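Enquirer: Build me a model from this:
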Amino acid sequence: MKTEKTVDAKRNALALAARAVEAAQRAGADDAEAYVRAAGDLHIYWRGGQVENITRASALGLGLRVTTGGRTLLVHTTDTAPDALADLAGRAVAMARTLPEPAEPTLYAGPADAAAQANPDPDLAGEPLAAKTERLAAMERAMLGVAGVTASNGCEWSESAGAIAMASTRGLSVARPFVTIEASAQAVAEAPGDSSTGGRWVNVPARRYLPDPGELGRTAGARAAALLGARPVPTTRAPVIFTPFTGYAVLACLTEPLRGDMVVQERSYLRASLGEAIAAPGVTIVDDPTLPEGPASRDFDGEGMPCRRRALIDGGVLAGFLTDLGSARKLGVAPGGNTGRDGYDQGPRIAPSNFLLRPGDATPAEIIASTQRGLIVEGLSGWWVGRSAVTDAFSSAAKGFWVEDGVIVHPVAGVSVAGSLREMLRAVDAVGDDLAITGRTATPTFRVAEMAISGT
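Expert: Residues are numbered from 1 along each chain as shown. A predicted model of the protein is given here:
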């Protein structure tokens, strides 16, 4: 029965997309593409042993891109009745004709040979609400059981499940189910004259990939309690160890310069580096939409192109860029299937799927033990400010632990770390074996041989 519901959702979404394309053709569009997203959403906020808020929503939305005379316009609606679609298409074509002639033509995907994606968690919507709230209760109980934790800042559960479909005048006709689940816990720890916060957050495509609720809560509590008594260290240059809780930020800063459109526009500092060693040999960074446990896995992208695993940095060498149809054509490469959409009301944009630093052979304990003196970064704040494809600067407020002679000696707060991303990538001298894919962007523990640390 659950499989039949998934099939029906895909079929209905695809039929709606096809009807919208037909309406655009009747209105006089030269080309058209429809993107349909049908979803049911649930959010639960739990705090202090009880539910504080529950929100449910369901939405069916359609985005329609039309091209006439080389001019393209995107419109969107939640009214999918036949008359409403005809009116939407007619107005879209009329408005498109008033636009100035674009510098570049809009490219549309043709028929896609994408592998069928199964629903990763077909029973999710049928799970009783009580089971979801008990999961949050178990997280909070475990978190509050950690020594030093005095309060809960809340535990949250969010889920979204439904279907995405695309159709176009070029013969594109694809649909897939999707599921995304987020769970988080936030703790407050206190000691005389001191307090700290810590948490744990995961994003997975099915309940079977969730960590145990108790483990998630204990981790959140332990991260808060461990930073009690934190203090700055003197300004210095030293090795910096990024954990999976913070390494994702370094990886996220690479998405902009790795975008093919930024390269074409000569706005990426990596534009002339293809085939060159830009990182240490132990650094391999992949975009992998095929992972069963990946929250951003997909069989087709935001343009309807088939997706595949791609190594963008392979053994330290820049091997490729994230591309859409337009940038792939200009770069003379096959389309990478690297676009996403922020919603049915948005057009496609270049974005990674599951973006990962591949694991190495060292354990986190071995990396710490081999560090004479340095900083373990457990939290970052502000790293996203000033992110750009043009510059490789990385800077962030940080907290974590100071290491001397391979041993953690005290927690650290009130410092910042900074460096050039190019220099940081080349200086990665250890990569851990602890990669856990609990978010779209993920890394194992890794060490940068030297960075600037600003403290007292």
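Enquirer: So what's the gap between the longest helix seen in the chain and the chain middle?
Expert: The longest helix of the chain (DSSP state H) is helix 2-26. Centroid separation between helix 2-26 and its chain, computed with Cα atoms, centre = their mean, to the nearest Å, is 27 Å.
Enquirer: lowest average confidence, helix or strand, in this protein?
Expert: Using mean pLDDT, DSSP states H and E, helix 2-26 stands out as the lowest-scoring helix or strand of the chain, at a mean of 87.
Enquirer: tell me which residues in the helix or strand that that one is followed by are buried?
Expert: Downstream of helix 2-26, the next assigned helix or strand under DSSP states H and E is strand 31-47. For strand 31-47, a neighbour-count test (16 or more other Cβ atoms under 10 Å) marks 31-39, 42, 44, 46-47 as buried. Glycine gets a C-beta too; all of them are placed from N, C-alpha and C.
Enquirer: Helix or strand next in line after strand 31-47, which one?
Expert: For strand 31-47, the following helix or strand on the C-terminal side (DSSP H and E) is strand 50-68.
Enquirer: helices or strands next to the next helix or strand after that next one in the packing?
Expert: Next along the chain after strand 50-68, taking DSSP H and E as the criterion, comes strand 71-77. When contacts are defined as 3 or more Cβ pairs under 8 Å, 6 or more residues apart in numbering; DSSP states H and E, strand 71-77 packs onto strand 50-68, helix 82-96.
Enquirer: Ala15 and Leu425, how far apart?
Expert: Separation of Ala15 from Leu425 (Cβ to Cβ, to the nearest Å): 47 Å.
Enquirer: So which of the two has more stuff around it?
Expert: With neighbours defined as other Cβ atoms under 10 Å, Ala15 and Leu425 compare such that Leu425 has more, 22 against 14.
Enquirer: In contact with the more buried one: list those residues for me.
Expert: Ile278, Ala279, Ala280, Val283, Ile313, Gly316 (Cβ atoms under 8 Å, 6 or more residues apart in numbering).
Enquirer: Can you give me the end-to-end span of stretch 257-274?
Expert: In stretch 257-274, first residue to last residue: 12 Å (Cα to Cα, to the nearest Å).
Enquirer: typo on my end, it should be stretch 368-376
Expert: 8 Å.
Enquirer: With stretch 387-399 instead?
Expert: Using Cα to Cα, one end of stretch 387-399 lies 20 Å from the other.
Enquirer: Let me know the secondary structure of Ala311.
Expert: strand (DSSP: H, G, I helix; E, B strand; the rest coil).
Enquirer: Show the average pLDDT along whichever strand or helix holds Ala220.
Expert: Using DSSP H and E, Ala220 maps to helix 213-225. Mean per-residue pLDDT for helix 213-225: 98.
Enquirer: List the contacts of it.
Expert: If you take Cβ under 8 Å, 6+ apart as the criterion, helix 213-225 is touched by 135-136, 138-149, 155, 183-189, 196-200, 202, 210-211, 245, 378.
Enquirer: Could you list the buried residues of that helix?
Expert: Applying a neighbour-count criterion of 16+ other Cβ under 10 Å, one finds Pro213, Leu216, Gly217, Arg218, Thr219, Ala220, Gly221, Ala222, Arg223, Ala224, Ala225 buried in helix 213-225.
Enquirer: As JSON lines, those with distance to Leu356 would be great.
Expert: Output for these, formatted as JSON lines (distance: Cβ to Cβ, whole Å):
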{"residue": "Pro213", "distance to Leu356": "25"}
{"residue": "Leu216", "distance to Leu356": "21"}
{"residue": "Gly217", "distance to Leu356": "26"}
{"residue": "Arg218", "distance to Leu356": "26"}
{"residue": "Thr219", "distance to Leu356": "21"}
{"residue": "Ala220", "distance to Leu356": "23"}
{"residue": "Gly221", "distance to Leu356": "28"}
{"residue": "Ala222", "distance to Leu356": "25"}
{"residue": "Arg223", "distance to Leu356": "22"}
{"residue": "Ala224", "distance to Leu356": "27"}
{"residue": "Ala225", "distance to Leu356": "30"}
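Enquirer: From the residues you listed, pick the one nearest Asp299.
Expert: Leu216 (29.3 Å; Cβ to Cβ).
Enquirer: Turn the contacts of Leu425 into TSV, columns for pLDDT.
Expert: Shown next, in TSV, are the contacts of Leu425 (pLDDT from 0 to 100):
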residue	pLDDT
Ile278	98
Ala279	98
Ala280	98
Val283	98
Ile313	98
Gly316	98
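Enquirer: quick check, nearest of those to Ala109?
Expert: Looking across the contacts of Leu425 and measuring by Cβ to Cβ, the closest to Ala109 is Ile313, at 26.7 Å.
Enquirer: From Arg422, how far off is Pro211?
Expert: 35 Å.
Enquirer: Report the contact partners of the residue nearest to Gly28 when sequence neighbours are not counted.
Expert: Residue nearest to Gly28 in three dimensions, not counting chain neighbours: Val93, with 5.1 Å by Cβ to Cβ, 6 or more residues apart in numbering. Going by Cβ under 8 Å, 6+ apart, Val93 touches Ala24, Ala27, Gly28, Ala29, Val66, Thr68.
Enquirer: which residues touch the fifth one?
Expert: Yep, that's Val66 we're talking about. Val66 makes contact with Ala24, Ala27, Ala29, Asp31, Ala32, Thr72, Leu73, Val75, Ala89, Ala92, Val93, Ala96 under the criterion Cβ under 8 Å, 6+ apart.
Enquirer: Please, where are all the strands along the stretch 101-250 of the chain?
Expert: Under the criterion DSSP state E, counting those that start in this stretch, the stretch 101-250 of the chain contains strands at 149-168, 173-191, 194-204, 236-242.
Enquirer: Same list, those, but as JSON lines with distance to Ala413, mean neighbour count and mean pLDDT please.
Expert: Converted to JSON lines, those look like this (distance: least, Cβ to Cβ, whole Å; neighbours: other Cβ atoms under 10 Å; pLDDT from 0 to 100):
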{"stretch": "strand 149-168", "distance to Ala413": "17", "mean neighbour count": "22", "mean pLDDT": "97"}
{"stretch": "strand 173-191", "distance to Ala413": "13", "mean neighbour count": "21", "mean pLDDT": "97"}
{"stretch": "strand 194-204", "distance to Ala413": "8", "mean neighbour count": "19", "mean pLDDT": "97"}
{"stretch": "strand 236-242", "distance to Ala413": "15", "mean neighbour count": "21", "mean pLDDT": "98"}
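Enquirer: Out of those strands, the one nearest Asn354 is which?
Expert: strand 194-204 (10.5 Å).
Enquirer: Which secondary structure elements does the closest one sit against?
Expert: Strand 194-204 packs on strand 173-191, helix 213-225, going by 3+ Cβ pairs under 8 Å, 6+ apart.
Enquirer: who's in contact with Thr72?
Expert: Residues near Thr72 by Cβ under 8 Å, 6+ apart: Arg65, Val66, Ala96, Leu99, Pro102, Thr106.
Enquirer: which regions of the chain sit below the pLDDT cut-off?
Expert: Applying pLDDT under 70 to the chain flags the ranges 1-7, 114-115.
Enquirer: How is it divided into domains?
Expert: Using automatic domain parsing, the domain ranges for the chain come out as 2-218, 231-456.
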